[in-house]
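Peer 1: Build me a model from this:
(chains A, B and C)
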Amino acid sequence: MVFEINTSIYEKLPRSFYERADVVEIAKDLLGKLLVTETEGVLTIGKIVETEAYCGRGDKACHANEKRTPRTEVMYGPAGCAYVYLCYGIHHLFNVVTNVEGQADAVLIRALEPVYGTEAMRERRNHTKAKLASGPGTLSQAMGIKTNLTGVSLTGESIWITKDSNENAFEILADTRIGVEYAEEDALKPWRFVIAGNTFVSKPVKNKSPANHTGLS
DNA sequence: TCTAAGATGGGT
DNA sequence: CCCATCTTAGAA
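Peer 2: Below is the predicted model of the structure:
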């Protein structure tokens, strides 16, 4: 079955979606939505199947926790902008800035199920045998996301997330975030979210409990 | 200036 | 398990 491009992919989530105060809720809400990039004339689309929440206050895993540096300045800026940074000198990791200006929260997008433009993704990924966008670094490579997109608004024309949710209901599973062992007690926060049963997640979840009382409050 | 470490990924 | 690869933050 061929994926038909219809105008709904241009219905971008408004800034108000990202401006909400509970980054954990937003991380869950982003599951099932479509991430779209149009760079160098190439359109690629992936369904978001895995996210992680990072809170600027009281979360040792967050780059902007209780501190402001040149790199994390964009996280303190307006909601709905991209925060892209280079990890291990190789991987470009894509986050969505949330909450009002001055509150440095963000959601890391960790895995996509390719929906459109898979040939372009495959080329960008150098014809790997591995999955195209299952992991924050590979996802950015497949979608053409680099650090030059940091600070760019998701209401613009290069990169955005659509209002469209998956039509089918799905269950959300929560787990601890990946690669943040250094964050002491905050490493235990169940702020990684995946669509249950989706095979495009970067790693299977350790537990099978649904994401219930995982929020900030 | 100098340096250690990092929200990774792919191959062995 | 190993390591490529380079920016960043914090120390000196």
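Peer 1: C-alpha only now, for contacts and for neighbours.
Peer 2: Noted.
Peer 1: What about the residue nearest to A:Cys81 when sequence neighbours are not counted, how many residues nearby?
Peer 2: In space, and not counting its chain neighbours, A:Cys81 is closest to A:Ser153: 4.2 Å by C-alpha to C-alpha, 6 or more residues apart in numbering. Using other C-alpha atoms under 10 Å, A:Ser153 has 20 neighbouring residues.
Peer 1: contacting residues around A:Ser153?
Peer 2: When contacts are counted by C-alpha atoms under 8 Å, 6 or more residues apart in numbering, A:Ser153 touches A:80-82, A:159-160.
Peer 1: and these, which two are the farthest apart?
Peer 2: Maximum pairwise distance among the contacts of A:Ser153 (C-alpha to C-alpha): 10.7 Å, between A:Gly80 and A:Ile159.
Peer 1: Looking at these two, which has the bigger crowd around it?
Peer 2: Between A:Gly80 and A:Ile159, A:Gly80 has the larger neighbour count (other C-alpha under 10 Å), namely 28 against 24.
Peer 1: Surely that one and A:Glu101 touch.
Peer 2: No - the criterion here is C-alpha atoms under 8 Å, and A:Gly80 misses it with A:Glu101 at 10.5 Å.
Peer 1: can I get the contacts of A:Ser153 in JSON lines with distance to A:Ser140?
Peer 2: Below are these laid out as JSON lines (distance: C-alpha to C-alpha, whole Å):
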{"residue": "A:Gly80", "distance to A:Ser140": "17"}
{"residue": "A:Cys81", "distance to A:Ser140": "15"}
{"residue": "A:Ala82", "distance to A:Ser140": "12"}
{"residue": "A:Ile159", "distance to A:Ser140": "11"}
{"residue": "A:Trp160", "distance to A:Ser140": "13"}
